[in-house]
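Chemist: What follows is a predicted structure for the sequence shown.
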Amino acid sequence: MKKDMATKEKTGIVVSTSMEKTIVIAVENRYAHPIYGKTIKKTQRFMAHDENSFCKLGDKVIIIETRPLSRKKRWTLKQNLTQSGT
């Protein structure tokens, strides 16, 4: 990776761990409607690489952007912030 490029990071909740070495993270963004001002929630799902299958459902994690690892996987696990069940 180039040094001058900023690496993107996202924080979200693990919603699926059914695949090997892959987790699905839901990232929620809140923003105000441009006309009415009501707060709107938009949820995006990202597939991320989890080499050791460390994460469990409900964990809060940080993912970082990386090179394409598969057709849909462009993110990798950076840090597990909370573990469910502890």
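Modeler: Cool, the structure landed. Numbers count the residues shown, from 1 in each chain.

Chemist: who does the helix or strand of the chain with the lowest mean pLDDT touch, helix- and strand-wise?
Modeler: Least confident helix or strand of the chain, by mean pLDDT, DSSP states H and E, is strand 73-82 with a mean of 94. Contact partners of strand 73-82 among helices and strands, from 3 or more Cβ pairs under 8 Å, 6 or more residues apart in numbering; DSSP states H and E: strand 9-19, strand 22-32, strand 39-49, strand 60-65. In this view, the C-beta of every residue, glycine as well, is placed from N, C-alpha and C.

Chemist: orientation of it relative to strand 9-19 in degrees?
Modeler: Counting by axes from the mean of the first three to the mean of the last three Cα atoms, to 10 degrees, strand 73-82 lies at 100 degrees to strand 9-19.

Chemist: could you give the angle of strand 73-82 to strand 39-49?
Modeler: If you take the same axes, to 10 degrees, strand 73-82 sits at 110 degrees to strand 39-49.

Chemist: what's the model's confidence in stretch 15-29, averaged?
Modeler: Across stretch 15-29, the average pLDDT comes to 96.

Chemist: Identify the residues contacting stretch 19-35?
Modeler: For stretch 19-35, contacts defined as Cβ atoms under 8 Å, 6 or more residues apart in numbering pick out 10-17, 38-51, 53, 55, 61, 63, 73, 75, 77.
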